[in-house]
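K.L.:
I would like the atomic coordinates for the input below:
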Amino acid sequence: MPVEPPDLIALVGSRICHDLISPLGAIGNGVELLMMSGNGPGPELALISESVTNANARIRFFRISFGAAAPGQGVARAEVRSILDDMTRGGRLKIDWDLAGDAARTEVKLAFLAIQCLESALPFGGRIRVSADGGRWQIGAEAPRLKVDPPL
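P.N.:
Got it, this is the predicted structure:
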C-alpha cells in the first residue's frame, strides 16, 4: 500500500498553533494570579481575561481547521462546544452545534472552514447552525443584515 506524503501545510498550521498557545496560556495564568492577589478584579483584568479566552479558542479552532489530522481521528462534542462557546462569548455571533456525539476530525475541519466563510458574511452578527442527519451535514446561517459579495 503506497504511503501518502505528510500534508506540509497542515503540519505548518499545527506548528503555528502550538507555538502560539503556550504564550497565551502564560498570559492567562498571569491574569489568574493577578485576580487572586486580593486587589479585586477590575474591568481591565476582565477585558484581558476575556481576550485571552477568545484568543485561545481561536487558536484551537485554527488548529482543527488548518492543522494535521490523522486518519480516523475524532473530536469530542464537548471540545467543539468549548471552542465555539469561548469564541463567541460576548459577541454578536452565535453558533449552534447540533450534533449529538463526537465527530470525525476531517468532518469537523470542513464544518469549521464553512463556519469561517459564514463569519465573513455575518460581520453584524447572526446565528450559524451546524447539524448532521444520517451522515449528511447541514450548515446554515441567518442574520438581520448580511455582507454579500456577489462574485462569490
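K.L.:
Only C-alpha atoms from now on, for both contacts and neighbour counts.
P.N.:
Will do.
K.L.:
Grab the nearest non-local neighbour of the most centrally placed residue in the chain.
P.N.:
If you average the C-alpha coordinates of the chain and look for the closest C-alpha using CA atoms, centre = their mean, you land on Phe61, 2.8 Å from that point. Computed as CA to CA, 6 or more residues apart in numbering, the closest residue to Phe61 that is not its neighbour in sequence is Ile83, at 6.4 Å.
K.L.:
So what's the residue count around Leu24?
P.N.:
When neighbours are defined as other CA atoms under 10 Å, Leu24 has 17 of them.
K.L.:
helix, strand or coil for Gly140?
P.N.:
At Gly140 the chain is in strand, as set by DSSP: H, G, I helix; E, B strand; the rest coil.
K.L.:
Just give the number of residues close to it.
P.N.:
The local packing count at Gly140 equals 12, with neighbours defined by other CA under 10 Å.
K.L.:
Over to the one 3 residues further on?
P.N.:
Ala143 sits with 14 neighbouring residues when counted by other CA under 10 Å.
K.L.:
buried stuff in the strand or helix carrying the residue nearest to Phe61?
P.N.:
Secondary-structure assignment from DSSP states H and E places Ile83 in helix 77-88. By neighbour count with 16 or more other CA atoms under 10 Å, helix 77-88 contains the buried residues 77, 80, 83-87.
K.L.:
follow-up on the earlier one: return the distance of the residue nearest to Phe61 relative to Leu110.
P.N.:
As judged by CA to CA, to the nearest Å, Ile83 and Leu110 stand 15 Å apart.
K.L.:
Apart from its neighbours in sequence, what residue is nearest Ile48?
P.N.:
Counting by CA to CA, 6+ apart, Val31 is the residue found nearest to Ile48 once chain neighbours are left out, at 7.4 Å.
K.L.:
isn't that neighbour right up against Ser51?
P.N.:
No. With contact defined as CA atoms under 8 Å, Val31 does not reach Ser51; the gap is 10.9 Å.
K.L.:
Do you know the pLDDT at the residue nearest to Phe61?
P.N.:
At Ile83, the pLDDT value in this model is 96.
K.L.:
For it, which residues are in contact?
P.N.:
Contact criterion CA atoms under 8 Å, 6 or more residues apart in numbering gives 57-58, 60-61 as the residues in contact with Ile83.
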